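Q: Got a sequence here, can you build the structure:
(4 chains)
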There are 4 protein chains.
Amino acid sequence: MPSPALNTDEIAKLLHEVFPQAFYPGCDHSIERVDYGDVRVRWRFDPGSLRPGGTISGPTMMELADFAMYVAVFSAIGPQPLAVTTNLTINFLRKPAQADLVADAKLMKVGKRLAVGEVTIYSVGMAEPVAHVTATYSIPAQR
Amino acid sequence: MPSPALNTDEIAKLLHEVFPQAFYPGCDHSIERVDYGDVRVRWRFDPGSLRPGGTISGPTMMELADFAMYVAVFSAIGPQPLAVTTNLTINFLRKPAQADLVADAKLMKVGKRLAVGEVTIYSVGMAEPVAHVTATYSIPAQR
Amino acid sequence: MPSPALNTDEIAKLLHEVFPQAFYPGCDHSIERVDYGDVRVRWRFDPGSLRPGGTISGPTMMELADFAMYVAVFSAIGPQPLAVTTNLTINFLRKPAQADLVADAKLMKVGKRLAVGEVTIYSVGMAEPVAHVTATYSIPAQR
Amino acid sequence: MPSPALNTDEIAKLLHEVFPQAFYPGCDHSIERVDYGDVRVRWRFDPGSLRPGGTISGPTMMELADFAMYVAVFSAIGPQPLAVTTNLTINFLRKPAQADLVADAKLMKVGKRLAVGEVTIYSVGMAEPVAHVTATYSIPAQR
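A: Coordinates of the predicted model:
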């Protein structure tokens, strides 16, 4: 496996530069591990994301998956902040606990134009995944 | 076409009761029209949702689609706050303008266990859609 | 709306050239109407596609949707037999009758690299759709 | 891990009973391994499935994924021939070789109403997967 194009600190720094309103020290999202095309990120539990029945909202999980994929794309192709999601499919599998979420993203393909990956989301303390995502990113043409 | 199980005001009231932290007078989401299984909702532009390149974040559109589907499910089957999304696929089609988004949701199937619908998202002022979603909701068994 | 890049006869001829083993006079698939990015195709009922419970097999409908999208892509961008599906999502909505299927494909985006469309499949004689598909095609770079 | 509800021979026998026209001794599809909710199936290469550019048709891979999921569902819940696919998403990752395909299906959820799984398809002789599928099956209510 090649080493990642950017490491954890470099990706965190880049995200903070390009998404200052969404990614900053102390925000809900953090990066736990970065290998080439294979990363783990975390969402810190926030009661504001609860929905009827005590579940965590679907959009919270979709946002986490999108974040995980974005970090995975950076880990494989380096700083490409204009890479954009073209397609995302999420399957909700189980009700998460009222706890942090951890998302493991793995790229299945890194092409010249498209990167495709899958993300498995876990609720900390539960063995079985709570959601599964596949997503495609479009990679801008090299200048 | 049957009349809707709940009208705009009834759905707004129900959402405010069950999602007080997410849906309240003055929040970013509103309901514009409710027919049976066929609704329009709106997201008010918020610069905090911008991403690199000046686009609106993907999760903002996923959240809007999920909201639209939720309202459409209520319009068809009445107050079922425990209906949950089981599956959602989004295709991002075009970069939205820095403007409000409007989402049209239409149910394609209302079964005893599952409701399936599609959502088309428009950027106000642009003719072509910016995103398209299909989603499935699981309907709790009747008690 | 622009006129189609290829008409019904031109697309049928092209398909027969590039897919001789799958598309030929008298085969199960035919093209009923071609407008720009908006086409209708048909599958002739074949009892060999029935499955337990008397339904038509899922893969029969996926193949029809893929065929419909392929024809729609040709109608918009002309002869590009190397356009390939990158992603397809199908929702099965109702059990079809033991009858022909008709599929309406509409492109939602025709970009330089990607075309995205949706397909609605009907069972002849039933008012409600039996399946809904969204799919993305990758368009080869122009030489 | 529990032992499978049906073993390879039992599933092959059941498929032959319920799908005599699609699954029979000598047909293109075979079952290679069955564990609980975790199976491997194979498609024998058939030049009739080739498409322009020398690739194997998308519907051939969708059919194989559907077959793999069906076997996985039987391995977990036993003989339920009326289980039906409600939703399937496929991502095509690479051009397969002109060789057999092998599909690994794993269930991520086995609920009372829905089973959700993923399928990874390999072209024999290639290390990287050629396609990835997620699918949901609806399980009939117990009588």
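Q: Which residue is the nearest non-sequential neighbour of A:Gly37?
A: Counting by C-beta to C-beta, 6 or more residues apart in numbering or on different chains, A:Gly37 lies nearest to A:Leu107, which is 3.7 Å off, once chain neighbours are set aside. Every residue, glycine included, has its C-beta placed from N, CA and C.
Q: Isn't the one you found up against A:Ala115?
A: Yes - taking contacts as C-beta atoms under 8 Å, A:Leu107 lies within contact range of A:Ala115: 5.6 Å.
Q: list residues touching both of those two?
A: Residues touching both A:Leu107 and A:Ala115 (C-beta atoms under 8 Å, 6 or more residues apart in numbering or on different chains) are A:72-73, A:76.
Q: Specify which member of those is nearest to D:His16.
A: Nearest to D:His16 out of these is A:Ala72 (C-beta to C-beta; 42.7 Å).
Q: List the residues that contact the closest one.
A: A:37-39, A:105-107, A:115, A:117.
Q: Just the buried positions in the lengthiest helix in chain A, please.
A: Longest among the helix segments of chain A by residue count, using DSSP state H, is helix A:58-77. Along helix A:58-77, these residues count as buried under the neighbour rule (16 or more other C-beta atoms under 10 Å in any protein chain shown): A:58-77.
Q: and it with helix B:58-77, angle?
A: Going by axes from the mean of the first three to the mean of the last three C-alpha atoms, to 10 degrees, helix A:58-77 is angled at 150 degrees with respect to helix B:58-77.
Q: Name the strands paired with the lowest-mean-pLDDT helix or strand in chain A and say parallel or antiparallel.
A: In chain A, the helix or strand scored least confidently by mean pLDDT, DSSP states H and E is strand A:50-51, which has a mean of 86. As defined by DSSP bridges, the strand partners of strand A:50-51 come to strand A:55-56 (antiparallel).
Q: I'd like the average pLDDT over the strand it pairs with.
A: The average pLDDT within strand A:55-56 is 92.
Q: That one: how far from the chain's middle?
A: Centroid separation for strand A:55-56 versus its chain: 18 Å, with C-alpha atoms, centre = their mean, to the nearest Å.
Q: Residues in contact with it: which ones?
A: A:45, A:49-50, A:95-96, A:98, A:101, A:123, B:84.
Q: Among the contacts of A:Ala72, name the buried ones.
A: Judged by 16+ other C-beta under 10 Å, buried ones among the contacts of A:Ala72: A:37-39, A:105, A:107, A:115, A:117.
Q: Just put those residues in CSV and tack on pLDDT, secondary structure and distance to D:Asp9.
A: Output for the buried ones among the contacts of A:Ala72, formatted as CSV (pLDDT from 0 to 100; DSSP: H, G, I helix; E, B strand; the rest coil; distance: C-beta to C-beta, whole Å):
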residue, pLDDT, secondary structure, distance to D:Asp9
A:Gly37, 98, coil, 39
A:Asp38, 98, strand, 38
A:Val39, 98, strand, 42
A:Ala105, 98, strand, 39
A:Leu107, 98, strand, 38
A:Ala115, 97, strand, 41
A:Gly117, 98, strand, 37
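Q: Please identify which of those is nearest to chain C.
A: Nearest to chain C, judged by C-beta to the nearest C-beta, of the buried ones among the contacts of A:Ala72 is A:Ala115 at 11.5 Å.
Q: Who are the contact partners of the closest residue to that closest one other than its chain neighbours?
A: Closest residue to A:Ala115 apart from its sequence neighbours, by C-beta to C-beta, 6+ apart: A:Tyr137 at 4.6 Å. A:Tyr137 makes contacts with A:69-70, A:73, A:83-86, A:114-117, as judged by C-beta under 8 Å, 6+ apart.
Q: so who does the residue nearest to the spatial centre of chain A touch?
A: Among the residues of chain A, the one closest to the centroid is A:Ala68, at 1.1 Å (C-alpha atoms, centre = their mean). Contacts for A:Ala68 (C-beta under 8 Å, 6+ apart) come out as A:39-41, A:103-105, A:119.
Q: Please repeat the previous calculation with a cut-off of 7 Å.
A: A:39, A:41, A:103, A:105, A:119 (C-beta atoms under 7 Å, 6 or more residues apart in numbering or on different chains).
Q: Give the partner strands of the strand or helix carrying the last one in its sheet and their orientations.
A: A:Val119 belongs to strand A:114-123 when elements are defined using DSSP states H and E. Based on DSSP bridges, the pairing partners of strand A:114-123 within the sheet are strand A:101-110 (antiparallel), strand A:131-138 (antiparallel).
Q: in that strand, what's buried?
A: Per 16+ other C-beta under 10 Å, strand A:114-123 contains these buried residues: A:114-123.
Q: Could you do stretch A:38-58 as well?
A: Across stretch A:38-58, burial judged by 16+ other C-beta under 10 Å covers A:38-43, A:45, A:49-52, A:55-58.
Q: so how far is stretch A:117-124 from its chain's centroid?
A: Taking mean C-alpha positions (C-alpha atoms, centre = their mean), stretch A:117-124 and its chain are 9 Å apart.
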